[in-house]
Each structure stands twice: as structure tokens, then as C-alpha cells.
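In: Sequence first, then the predicted structure, then my questions.
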Amino acid sequence: LQYLYAFIKNSFMLKSMTGFGRAEENVGDKTFLVDIKSLNGKQFELQLKMAGILKPFEFDIRRLLSEKLGRGSIDCTISLKETGSAKPITINTDLARAYYKPLAELSAALNLDPSHILSTLVKLPEVITPSSETLSDEEWGNFQKVLQAAINKLNKHRLNEGAMMEQDLLLRINNILSQQEEVIKLEPLRQEKIREGITRLLEENVGKENYDGNRLEQELIYYIEKIDITEEQVRLKNHCAYFKTLISEPDESKGKKLSFILQEIGREINTTGSKAYDASIQKCVIQMKDELEKAKEQVLNIL
């Protein structure tokens, strides 16, 4: 039950794209060290460095990393430490001869001691290569456990960061909703101020007796309806509620969806600001925009 509870809890948490995992285990007479680092990225991008003995399994390793890590810029290094007897090597003599001739000519041209050419030759690419040894089926199965252990540690790191990001995102959304509540309180006062301002302007420039009060009332109603922000506030509240709901859903990869919702939230905030014509409401809009930008920065790093 404890493991089931932990699984259910983790499946409802946000997961960051940033993390690090390391595992080192013996596989037969070999010791493998796996280091995996993950940063945020729009897609799955993998930089893989590994020992030559694992080349036949490269496709499987890439597939496993892709399935378990999802999005992100991944840097995986797999090192091999030999713990058993020394393994044979292969010397490519034809390639060494091909290297030797131009090196000898260069040495003679520069009046250099040719006795060091051999030590230079063995360091050149592909002159000395390890044997074509590969992992047995049993060793490959055991190696996958080492790789999975590193992946698990990275994902645990991602979950820990995701928990902190979730708290921050919910704080930002709640702050936006608090400012929205203030906008709703200010809305009736805004309409009254608009009505009083237009009436006063007419009285000062036209005279109270020189305009039709009924016609003015009709025009005021039409004008106030054009700049009404009720619909924007309803949609804004709904988007924020959906954002909170999505965070608690079991889908592991939520970053893109959350980003789309924030775009919709930003659209309603911007429209509110363009229709406001009120200094107090504009202050609330600025506060909401500030919280929204902080939320967008966080969402960029969510899986």
C-alpha cells in the first residue's frame, strides 16, 4: 500500500525537465558508470556518449531514455571500468603504414628525431582499437538495470523540483485571481465615473439645457457595453480554474498544455487592460501581468 500511495501521489505531481541521475554497478567483470543530466527543451534531444562495447545496443538505449524521460535536452554519458583480466586489442598495421610515410617526410623536412614517430602513430585515430567484444544477453539485461537506476534518480530529482514549481505556479494563479476580485469590485465604480465624466464634459462645453438627456443615456449605455469587461472576467476565472485542475490531473506531461492555458489567461488580462480606461483597474492589470510572466517562466521548465 505504501508503494501504491507513493505511485499515485507522484503521478499527480508536476515534473520538471531539469534533473540529474547517476548509477554505478558491476556487470560481470565490468563496472558501468551512467551519468544523465536533463535540461529544459521543446522536444527530446539526446547527446549520448558511451563505451564502444555498447554500440550494438545504441538504438535500445536511446529508445529507453526517450520513453522514460519524455521531453528535454538530455546529456547521457556511459563509462566502462574494466575489473577483470586485460582484453586484447587490434593494431591496424595498414593504417599505421599510411600514417607513417607523411610523418617521416615531415620529420625529415623539419630535421626532427624520427625515433618518436612510433609513439605518435599509436595515438592516432583507429590505429589501436579494442577488441570487438560485446555484452552477452545476461550482461545486457543487467546493464539495463544500471541505466534504469540512473533514470529513476533523475526522475526523482525532477519530481522534487516539480513539487516546488507547482507551489509557485498555484501561488501565481491565486494572485491573479485576487487581483481579478479587486477588478470586479472596481467595475461598478468605473462605470459610474465614466458616466459622470461624460455628463460633466457635456455640461461644461454644451450647457446642461442644450443636450437631450434621454439620448445621452442611450449613448452612455451603448458606450459602456462596448467597454464592458464582464465576459473577460468570466473567461479569466474559468481559465485559472482549468489551470488548477490540469495541475492535479495524472497526465505526466503537462507543460505544453499549461503554457497554452497561460496564453489564454494573458489574452483576457490584456483585453481587460485595453477596455479599462480606469487607473485603479490598470494597476490590477499590471499586477496580473507580472504574476503571469513569472508563471510563464516556470512553465517553460515543466515536462
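Out: Structure received. Numbers count the residues shown, from 1 in each chain.
In: So which elements touch the longest helix along the chain?
Out: Identified as the longest helix of the chain according to DSSP state H is helix 137-205. Here helix 137-205 is seen to pack against strand 19-27, strand 30-39, helix 58-69, helix 213-226, helix 230-248, helix 255-276, helix 279-299 when contacts are counted using 3 or more C-beta pairs under 8 Å, 6 or more residues apart in numbering; DSSP states H and E. (C-beta placed from N, C-alpha, C; glycine too.)
In: most packed of the ones you listed?
Out: strand 30-39 (a mean of 20; mean count of other C-beta atoms under 10 Å).
In: in the helix or strand following that strand, what's buried?
Out: The first helix or strand that comes after strand 30-39 along the chain, using DSSP states H and E, is strand 44-50. Across strand 44-50, burial judged by 16 or more other C-beta atoms under 10 Å covers 46, 50.
In: Show the average pLDDT along strand 44-50.
Out: For strand 44-50, the mean pLDDT works out to 92.
In: Mind listing the strands it pairs with, and their directions?
Out: strand 72-82 (parallel) (DSSP bridges).
In: Buried residues in the strand it pairs with, which are they?
Out: Neighbour counts over strand 72-82 (16+ other C-beta under 10 Å) mark 72-76, 78, 80 as buried.
In: chain center to it: distance?
Out: 21 Å (C-alpha atoms, centre = their mean, to the nearest Å).
In: try stretch 38-45
Out: 6 Å.
In: and residue 153, how many residues sit next to it?
Out: 17 (other C-beta atoms under 10 Å).
In: That one is in contact with residue 35, isn't it?
Out: No. In this structure residue 153 lies outside contact range of residue 35 using C-beta atoms under 8 Å: 10.3 Å.
In: overlap in contacts of those two?
Out: Taking C-beta atoms under 8 Å, 6 or more residues apart in numbering as the contact rule, residue 153 and residue 35 both touch 20-22.
In: Residue 240 contacts residue 265, doesn't it?
Out: Yes. Between residue 240 and residue 265 there is a contact under C-beta under 8 Å: 6.5 Å.
In: Please enumerate the shared neighbours of these two.
Out: What both residue 240 and residue 265 touch, as defined by C-beta under 8 Å, 6+ apart, is the set residue 176.
In: If you drop the residues flanking it in sequence, what lies closest to residue 193?
Out: residue 278 (7.0 Å; C-beta to C-beta, 6 or more residues apart in numbering).
In: mind checking how far the one you found is from residue 137?
Out: 73 Å (C-beta to C-beta, to the nearest Å).
In: the more surrounded of these two?
Out: residue 278 (20 against 7).
In: Can you check the pLDDT for that one?
Out: For residue 278, the model assigns a pLDDT of 82.
In: Also the one 5 residues further on?
Out: In this model, residue 283 is scored at 93, pLDDT.
In: Also residue 260?
Out: For residue 260, the model assigns a pLDDT of 95.
In: out of the buried residues of strand 72-82, who's nearest residue 248?
Out: Nearest to residue 248 among the buried residues of strand 72-82 is residue 72, at 22.5 Å by C-beta to C-beta.
In: so who does the closest one touch?
Out: Contacts for residue 72 (C-beta under 8 Å, 6+ apart) come out as 17-18, 38-41, 44-45, 303.
In: State the distance from it to residue 247.
Out: 19 Å.
In: Repeat that for residue 109.
Out: 70 Å.
In: Need the contact partners of stretch 91-107.
Out: 112-114, 117, 120-122, 124, 126-129.
In: residue contacts, the nearest residue to residue 146 once chain neighbours are set aside?
Out: Excluding the flanking residues, the one nearest residue 146 by C-beta to C-beta, 6+ apart is residue 25, at 4.4 Å. The neighbours of residue 25, taking C-beta under 8 Å, 6+ apart as the test, are 31-32, 142, 145-146, 149.
In: Likewise for residue 278?
Out: So, once contact is read as C-beta under 8 Å, 6+ apart, residue 278 ends up touching 186, 190, 193.
In: same question, residue 247
Out: Residue 247 neighbours (C-beta under 8 Å, 6+ apart): 14, 166, 169-170, 254, 258.
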